[in-house]
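# kindly generate the corresponding structure for this input.
(chains A and B)
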Amino acid sequence: MGKAPKKRSLADKVRKTKTSTEIKNNPFEVKINRKKFDILGRKSKHDVGLPGVSRSKADNKRKETLLKEYKHKNKANKFIDRRFGEYDTKMAPEDKILKRFAMERQRAHDKKDVYNLNEEEELTHYGQSLAEIEKFNDIVNSDDESDEKGLLSAELTASHFGGGGGGLLRKKTSGERQEEDGNQRAKSRQELIEELIQKSKQEKRERQVQREEAQELTEKLDQEWKGIQALMVKKSPKVEHSDKQEEKPKLDEYDIMVRELGFEMKAQPSERMKTLEELAKEEREKLQKLEADRLRRMMGDEVGDNAQSQIHISADDLNDGFILDKEDKKTLSYQDGKWNIEEESEDVDEEEESGEDDESEAEEQDEDDGEEEDEVEGEGGQEEDEEEEEGEEEDEEEEDGHSDLESEQESEDGESKQENEDTSVKSKKSLSKEEVKAQQEAAKAELPYTFTAPETYSDLKALLCGHNPDNQRLIVARTQKCNHPSLAVGNKLKLQKLFGFLLEYIGELANRTPPELITIDKLIPELYALCQMFPEAACKAMQTILGDAGHSMEEVLEVKGRAAFPTLDMLIYLKVTALLFPTSDFRHPVTTPALLYMSQGLTKCPVRSLQDVTSGLVLCCLALEYVSFSKRFLPELINFLTGTLHLAVKDKTSLGSYTVVPPFRPSGKNTDLLVVSDSDSCKNWSKKELPLSATQNLPALDALHLWDMFHRLMCLFTCLDLVKRCCLLYKDLISFQHIFQPIRTLLSKHLSAQSLPEPLQELHGEILEAIGVATVTHSRLVFEKKKPIPLKLLTPKIVEVLDYGKKRGSNREEREQERLKHKYKKEFKGALREIRKDSRFLAREKLNEVMNRDAERKRKVKELFGSLATQEGEWKALKRKKRK
Amino acid sequence: MAPAKKRNVSSAKTTEKSAKTAKIDLSSKVESVLESRKCANDVFDMLEFLQSEKEKDVIDAVNACGKLFCTLLERKELLRGKLPGEEEALKGGYNAEDKYRIFMRHRYNSCVEILLEHLDHEVYNIKESALCCLMKFAAGEGQHPLEDLDWSEHYSFPRELIQAVVSRLLSKTSDNSLLISRLQEFLEMEDVRYYVMSSICENVGKVMDKNKGAVVPIYQNNVFMLMSNISMPSQESELTNFMVKQEAKHEDWKAAKLNEHKRVFERMWLGFLKYKLPSSMYKKVLVILHDSILPHMSKPALMIDFLTAVYEVGGAISLLALNGLFVLIHQHNLNYPDFYKKLYNLLEPSIFHVKYRARFFHLANLFLSSSHLPVYLVAAFVKRLARLALTAPPAGLLLLLPFISNLIRRHPSCRILVHKPTTEDETLEDPYLMDEEDPAHCRALESSLWEVKTLQKHYHPDVAKTATLINTPLSEQEDDISEVLELTTFELMERDLKPTQNKSIPLEFETASQLLKGGGDMLGQHFCLN
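Now for the predicted structure:
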């Protein structure tokens, strides 16, 4: 019985699959939808239709739904599922099940167990009683799955399934079995089973006890182990191993292996020391990258990110360039003691004054030593300590990946210190009392190691006042270190302010008479370091200075129409700008205004004295430095140099072949500033750099005619040298000839080389040569080649359409509306079609029904007629028989 | 309104000359003189005060005199008509009333004389109060003329007084510009302005003839100050503010006609400009010429002599003359031969450095905006400007480059200057002749704008960017140069000084160790710290 349906279903399946492929291949079943165009790459689902299949599918579906509904029409009876929540769609199925379950339980409780007091309901899990499961709660651990268990189960199987089981097992226990068999035969089967159960239970209990004991033992062992573990760690692990081996000789090989593998320290890739070559290479790569960056900026490609400021601080630096080294320890001791920073400096002063007072000095010195050096004993150690500090500082900074630039400076600094101190160390050997004293003094005069960052400009001035340039530099450096942004929240702001103050200080130094340029020189590295730390603040400070200077010059220009040359501080600022910021950038927030300021200075300031000439030449130098890398064209520079050379022309009347550009005038007052008339001075002259202070006021010597002449010659020399450099710089410019035309005529026709000293004559010749060498001819200008605009073509424009079927050219809302309309239309049509099909189907069904009914009726009528006819016939036959 | 003669004021007899009580004294004297004719001799005291050394006394006296004589003019207690001599008056058969009037008239005349002298006083306050007082007298005389009106066509106006004031103001020795500007408020009045103008005209002619046309800087400066302070009305209907209202036929009065005003104005300026001026004066005149002189002249074309003469001078003065010339050419149909040639020759490196750069380029833009200019001319201008660009400051370049591009846009045939494709790879020297004065012969069309190409390497980013525009075909739209006309270097600076948003600032990566190091060591080689 069971086989028949199975077979049928299988056959059905086979047939079905067969039919489906058959249908698809059957040309009479397939309807191919004609396509108007073949569109490449488009996959259509509807190119082949199976009308028969789909029709029958739809038909079946209708039979299941519509037909049923139709059949149930006008029928009141209905199957209603009264299960809880059956028609509640909001309820989750789990909830339904739970609720139903609860209700069922309640119902059961209500009815049956009203009087059932003790018996709790049985809890089940997957239909099994939990109580039953609990009895087997001692789930065997993997450890316990040993041979015994297997044996036991084998025994059990043997007893349970007496006749079954493998022959091997039987053979093993055959002796036993025979014995048992003897017993078993005596006992009934019932008893036997009970016995078996008991036995197994007992065994189970025993096992449990055993395990518990084992567990206890393990715990105990663990605790003991913990006790001696600390001792064992220091000892060689081999001992441990040997112990273990003794304990478990068999397991070990594998176990140890596994553990070793598991716990073996993986070889950590250690930082290899880089070789010098590699370091050099790295450095070079870094510089190359920076250079490339600079070039990119020079070309004016506006790419936003500029990681340069970050480059100087390594990625994991997190602004913690400061190292807590011995300096700080000392600092603390300073501050714990009486000495504060201000007091300290005072003390230093005092002590410097009272140099001779030996005894008091010595006493104080002792105190100092006690306070200053906790770790170091004796004076000799101090110097060494100092060295060490420097060294350490250096090392740590390098380790820290802090800008190596800084560390370089530090190392330089350290070296210089070392030298100083070497001498002192040597002298120490004699250890005469005076020398000791002198050393003590030196130690006293040493700067304190911490400084609070100055809050105002006057604070900074007070801090730096009275120190020599090197110390000023040290003070600033230490201030910067002590207030590193990573040490406190407000430090960043303080240092940013410090930069501004330093700039101001530099300006003031430059404006002093005589200008203290050495100090400025010393402060440059600090300024640079601060600038690297806070590019934004530095940029802002510099911009303010430049903006103010430009503005004041503009104001003067508006009133007077001319202005005085920038003062020395502005010249210094311009130089500092060039040191801090890249001058070759296409556009830079600081250097571009600086260049413009220089242009303003070179075009609007009339030259009225030798100082002015000097200032102008300094500006020219700066301007040339600014453009020396980018080789940008600076017309003002050439103009000014031409004008300056014009100042040296003796005979101004024959002008005409070249023009001078304002602020210079062809002739008039102050146009003979550089004329060298004295041939003696020409002969005696030798090149000697002019001091920068010559831009402000000539030295007292200026009364001397000779010095004046020297100054003139030096200016002329500078000017010619700059012209030469310009020639070399601009030799690639197309209009080189025209740019240098005035200079050429001036030099060749008006400023004869004969009257000049030797070096100037050389320059003179070189310039003329350089100008003469340049190419004169150029190809004509043409527009840059660009893609030719193609002719209009008649082939249709093919546009890649990414959003098929979407109407383009309208906004989003309209498109959305269109889409909805379209969808509605489609749906409407589809619904209409469906309805039609439904009604057709219904009509067909109705017709079928009617036909069936009619046929039935016909059949019945026929039957009736037939029976009547037979009846009639029989009756007639009877009648006939009777008649007969 | 006869004064009360009966009253006898005793205090008036005692004339105290102490300076302390001067003011009270003066005012009381004025009152006493006005009140009684007996005290008429106090006038002498007042005149004495007027010549005092002390500034305060003089000013008080001026005020007092002003008050006194104005009142007397109002009362008509000054003799009208021809004034007999003082001696004669005593002798002649005049009645007491007449004698009094003659006496007062004489005092009035001497007072005016003193005041006129005061116009040359060192102290400005005295000058000013004297001027005000004189103008007050003028107003008073206008209302109550001292001359006899013997025929009806005569219009009463104190011409002599005004003339005297003007000739005093136009001093040859002292700069009266402050006082002249004080006069401006009186020049608001139409009749005063008219007569001042005619007096200036006469005065200038007289003085300059005396000097035989030589330059008299202070005098000419004064004249210019006075003339430039004159603001002419532009419509007849604006002539409403008169100092003196004529009773009869006011409309026929010359001072009430705009045409007459214009004529006098024109005569005055032409008379002034006829003579040689100091060179700074030329600039001053030319700056105001086109908008405050030419429109008010009845025949502006008469200015052509002056303008052409000035245009020949060269330099900044020629630049300024352009403006006037333009007005004449444009509005008055003036034909100026070689105008463009001269304009071409005005293009010198200095045009970027003079104050009038904006004005010049504005005009040059106007002149060259004509589409009927020949190509060679435009090309010559373009090429010359490009040459000048090699010496120009960035602000000038930002004006010049769009200017050049505009010229090329307007005259598409100039495009060969920036785009002349040739088949063969020929190179050539720049055929353009910078020194050639005639744009027709400078061979600009054979050249190319290599200068602009050079400027693509200019240090200022904006200039470099603007210069690169010639690399591609220019857009149709002309650049608006009016925005960059007044551009200054500082404005350029400010563009870059604006705070930049979230842009990290590139820094120099080469470590700075010393002040004079870095950047090719230019500074370090020629200068040292000490």
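# by mean pLDDT, point me to the weakest helix or strand of chain B.
Sorting the helices and strands of chain B by mean pLDDT, DSSP states H and E puts helix B:86-91 at the bottom, at a mean of 64.
# other SSEs contacting whatever helix or strand comes next after it?
Downstream of helix B:86-91, the first helix or strand assigned by DSSP states H and E is helix B:96-118. For helix B:96-118, the packing partners by 3 or more CB pairs under 8 Å, 6 or more residues apart in numbering or on different chains; DSSP states H and E come out as helix B:42-50, helix B:55-75, helix B:86-91, helix B:124-143, helix B:159-169. No exception for glycine: its C-beta is placed from N, CA and C like everyone else's.
# contact residues of the stretch 251-400 of chain B facing chain A?
Taking CB under 8 Å from any CB of the partner chain as the criterion, the stretch 251-400 of chain B approaches chain A at residues B:348-350, B:353-355, B:387, B:389-394.
# just the element for the residue most central in space within chain B, please.
Centroid-nearest residue in chain B, with CA atoms, centre = their mean: B:Ser228, separated by 3.9 Å. Counting by DSSP H and E, the element that carries B:Ser228 is helix B:217-229.
# tell me the helix or strand right after that helix.
helix B:258-273.
# state the mean pLDDT of the helix or strand just after that next one.
Downstream of helix B:258-273, the next assigned helix or strand under DSSP H and E is helix B:279-288. In this model, helix B:279-288 has an average pLDDT of 79.
# closest point of the stretch 501-650 of chain A to chain B, which residue?
A:Glu625 (3.3 Å; CB to the nearest CB).
# ok, that residue touching B:Gln525?
No. A:Glu625 lies out of contact with B:Gln525 (CB atoms under 8 Å); the separation is 10.7 Å.
# comparing these two, which residue is more hemmed in?
Between A:Glu625 and B:Gln525, A:Glu625 has the larger neighbour count (other CB atoms under 10 Å in any protein chain shown), namely 22 against 16.
# against A:Ile743, how distant is the more buried one?
Note on A:Glu625: its distance to A:Ile743, by CB to CB, to the nearest Å, is 20 Å.
# and what of A:Glu814?
For A:Glu814 relative to A:Ile743 (CB to CB), the value is 70 Å.
# more crowded one of these two?
A:Ile743 (23 against 11).
# which helix or strand contains that one?
Assigned by DSSP H and E, A:Ile743 belongs to helix A:741-745.
# how much space separates the residue nearest to B:Lys342 when sequence neighbours are not counted from B:Val378?
Once flanking residues are discounted, B:Lys342 sits nearest to B:Tyr311: 6.5 Å by CB to CB, 6 or more residues apart in numbering or on different chains. Using CB to CB, we find B:Tyr311 at a distance of 21 Å from B:Val378.
# can you tell me how far B:Glu188 is from A:Lys560?
33 Å.
# cool, and B:Gly518?
From B:Gly518 over to A:Lys560 (counting by CB to CB), the distance is 35 Å.
# likewise for B:Phe224?
22 Å.
# does A:Pro454 really touch A:Gly500, like I thought?
No. Counting by CB under 8 Å, A:Pro454 sits too far from A:Gly500 to count as a contact (10.4 Å).
# who's more crowded, these two?
Higher neighbour count among A:Pro454 and A:Gly500: A:Pro454, with 22 against 19, using other CB under 10 Å.
# what sits against the more buried one?
A:Pro454 is in contact with A:460, A:462-463, A:479, A:497-498, A:501, counting by CB atoms under 8 Å, 6 or more residues apart in numbering or on different chains.
# where does pLDDT dip in the stretch 651-800 of chain A?
A:652-657, A:678-684, A:697-706 (pLDDT under 70).
# which residue ranges form the helices in it?
In the stretch 651-800 of chain A, the helices defined using DSSP state H, counting those that start in this stretch lie at A:679-684, A:705-729, A:736-739, A:741-745, A:758-773.
# quick check: residues of the stretch 101-250 of chain A near chain B?
Looking at chain B, no residue of the stretch 101-250 of chain A is close enough under CB under 8 Å from any CB.
# who has more neighbours, B:Phe224 and A:Lys560?
Using other CB under 10 Å, the more surrounded residue of B:Phe224 and A:Lys560 is B:Phe224, with 19 against 10.
# that one contacts B:Met281, correct?
Yes. Contact criterion CB under 8 Å: B:Phe224 and B:Met281 qualify, at 6.1 Å.
# may I ask which helix or strand encompasses A:Thr208?
Wrong residue type there; residue A:208 is Gln, not Thr. helix A:189-234.
# for the stretch 351-500 of chain B, what spans make up the helices?
So, for the stretch 351-500 of chain B - with DSSP H, counting those that start in this stretch - the helices run B:357-367, B:375-389, B:394-410, B:450-455, B:461-467, B:489-497.
# so the nearest residue to B:Glu437 once chain neighbours are set aside, which state does it fall into?
Among residues not flanking B:Glu437 along the chain, B:Asn345 sits closest, at 5.6 Å (CB to CB, 6+ apart). With DSSP: H, G, I helix; E, B strand; the rest coil as the basis, the three-state label of B:Asn345 is helix.
# CA atoms of stretch B:350-367 as PDB?
Taking C-alpha atoms only, stretch B:350-367 is exported to PDB below (Å, rounded to 0.1, in the frame of the first residue of the first chain):
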ATOM      1  CA  SER B 350      56.500 107.000 -15.300                       C
ATOM      2  CA  ILE B 351      52.800 106.800 -16.000                       C
ATOM      3  CA  PHE B 352      52.600 104.000 -13.500                       C
ATOM      4  CA  HIS B 353      54.100 106.000 -10.800                       C
ATOM      5  CA  VAL B 354      52.400 109.300 -11.100                       C
ATOM      6  CA  LYS B 355      49.400 110.300  -9.100                       C
ATOM      7  CA  TYR B 356      47.100 110.700 -12.100                       C
ATOM      8  CA  ARG B 357      47.500 107.100 -13.200                       C
ATOM      9  CA  ALA B 358      43.800 106.300 -12.800                       C
ATOM     10  CA  ARG B 359      42.700 109.400 -14.600                       C
ATOM     11  CA  PHE B 360      45.100 108.800 -17.500                       C
ATOM     12  CA  PHE B 361      44.100 105.200 -18.000                       C
ATOM     13  CA  HIS B 362      40.400 106.100 -17.700                       C
ATOM     14  CA  LEU B 363      40.900 108.600 -20.500                       C
ATOM     15  CA  ALA B 364      43.100 106.300 -22.500                       C
ATOM     16  CA  ASN B 365      40.500 103.700 -22.300                       C
ATOM     17  CA  LEU B 366      37.900 106.100 -23.600                       C
ATOM     18  CA  PHE B 367      40.100 107.300 -26.500                       C
END
